[in-house]
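K.L.:
Sequence first, then the predicted structure:
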Amino acid sequence: WSDVALIEVRLETGRRNQIRVHLAEQGHPILGDPRYRPQQASHPYWHQPRVALHAESLEIQHPETGKVMRFVASWPQEFRNLRKQLIKTSR
């Protein structure tokens, strides 16, 4: 889209706010982020009281069994609504 991008990020560490800080430093803050470049992080189609960041999947190794555990969560409804609106207005 002209003013919003959907990106996939794979983290090597679980450092707090890692994605938010790095993207904001590059001039691409996450929608709705009140801490890192909030003026740039606002958008007319994002009215949610949260950051537009979602962990779609998480994979960890169980500390006792060593078994790899994977958790998957579909997009929240507000993300799907935003995507529909962006597609609709970009035509």
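P.N.:
Yes, it's here.
K.L.:
what is the mean pLDDT for the helix ranked longest in the chain?
P.N.:
Across the chain, the longest stretch assigned as helix under DSSP state H is helix 77-90. Averaging pLDDT along helix 77-90 yields 93.
K.L.:
Identify all contacting residues around that helix.
P.N.:
1-2, 4, 6, 31, 45-46, 48, 50, 52, 54, 75 (CB atoms under 8 Å, 6 or more residues apart in numbering). The C-beta positions use only the backbone N, C-alpha and C, and glycine is treated the same way.
K.L.:
please redo it, this time with the cut-off set to 6 Å
P.N.:
1, 4, 45, 48 (CB atoms under 6 Å, 6 or more residues apart in numbering).
K.L.:
Can I get it in PDB? Just the C-alpha atoms.
P.N.:
The C-alpha coordinates for helix 77-90 follow below in PDB (Å, rounded to 0.1, in the frame of the first residue of the first chain):
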ATOM      1  CA  GLN A  77     -10.200  -9.000  13.700                       C
ATOM      2  CA  GLU A  78      -8.900  -5.400  13.700                       C
ATOM      3  CA  PHE A  79      -6.000  -6.500  11.500                       C
ATOM      4  CA  ARG A  80      -8.300  -8.100   9.000                       C
ATOM      5  CA  ASN A  81     -10.500  -5.000   9.000                       C
ATOM      6  CA  LEU A  82      -7.500  -2.700   8.400                       C
ATOM      7  CA  ARG A  83      -6.300  -4.900   5.500                       C
ATOM      8  CA  LYS A  84      -9.700  -4.800   3.900                       C
ATOM      9  CA  GLN A  85      -9.900  -1.000   4.200                       C
ATOM     10  CA  LEU A  86      -6.400  -0.600   2.700                       C
ATOM     11  CA  ILE A  87      -7.200  -2.900  -0.200                       C
ATOM     12  CA  LYS A  88     -10.500  -1.200  -0.800                       C
ATOM     13  CA  THR A  89      -8.900   2.300  -0.900                       C
ATOM     14  CA  SER A  90      -5.900   1.300  -3.000                       C
END
